[in-house]
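1. pasting the structure only:
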């Protein structure tokens with residue numbers, strides 16, 4: 001089963017933000033709840049946890065701006 005890694009809303013007025021960095025490499029085995037990436041909004045930088053356990057497939061590039069709900073990667 002594949003779980004999409006989506007760009008989350010972390011603030012009430014937030015519409016987009018920057019994927020600051022991936023904390024795991026493409027192809028890495030990750031566990032649910034593990035820090036997966038950091039995102040930067042206009043007010044803060046926050047770590048986001050993995051929504052599932054499995055192998056990470058990175059789609060999005062760090063340093064780019066994404067909208068809420070954009071697919072950043074998959075866990076298979």
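-> Everything's here; your move. This structure is a prediction, so every number in the text was calculated from the model and none was measured.
2. since we're on residue 14, how many residues are nearby?
-> Number of residues near residue 14 (other Cβ atoms under 10 Å) recorded here: 16. The C-beta positions use only the backbone N, C-alpha and C, and glycine is treated the same way.
3. the closest residue to it other than its chain neighbours: what's it in contact with?
-> The shortest distance from residue 14 to any non-neighbouring residue, by Cβ to Cβ, 6 or more residues apart in numbering, is to residue 41 (5.4 Å). By Cβ atoms under 8 Å, 6 or more residues apart in numbering, the contact list for residue 41 reads 10-11, 14, 17-18.
4. go again with 7 Å.
-> 10-11, 14, 17 (Cβ atoms under 7 Å, 6 or more residues apart in numbering).
5. do the same with residue 7
-> Neighbours of residue 7 in contact, by Cβ under 7 Å, 6+ apart: 17, 39, 66-70, 72.
6. got a quick PyMOL command for the buried subset of the contacts of residue 41?
-> Buried residues among the contacts of residue 41 (16 or more other Cβ atoms under 10 Å), as a PyMOL selection:
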select buried, resi 14+17
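7. biggest separation within the contacts of residue 41, which pair?
-> Within those, two members stand farthest from each other by Cβ to Cβ: 11 and 17, at 8.6 Å.
8. do you know the pLDDT at the residue nearest to residue 14?
-> Residue 41 is assigned a predicted lDDT (pLDDT) of 80.
9. quick check: it vs residue 24, distance?
-> Between residue 41 and residue 24 the computed distance is 21 Å (Cβ to Cβ, to the nearest Å).
10. now swap in residue 4 and tell me
-> With distances taken as Cβ to Cβ, residue 4 is found 16 Å from residue 24.
11. same thing with residue 55?
-> Taking Cβ to Cβ, one finds residue 55 at 10 Å from residue 24.
12. just residue 2 next, same as before
-> Distance from residue 2 to residue 24, by Cβ to Cβ: 17 Å.
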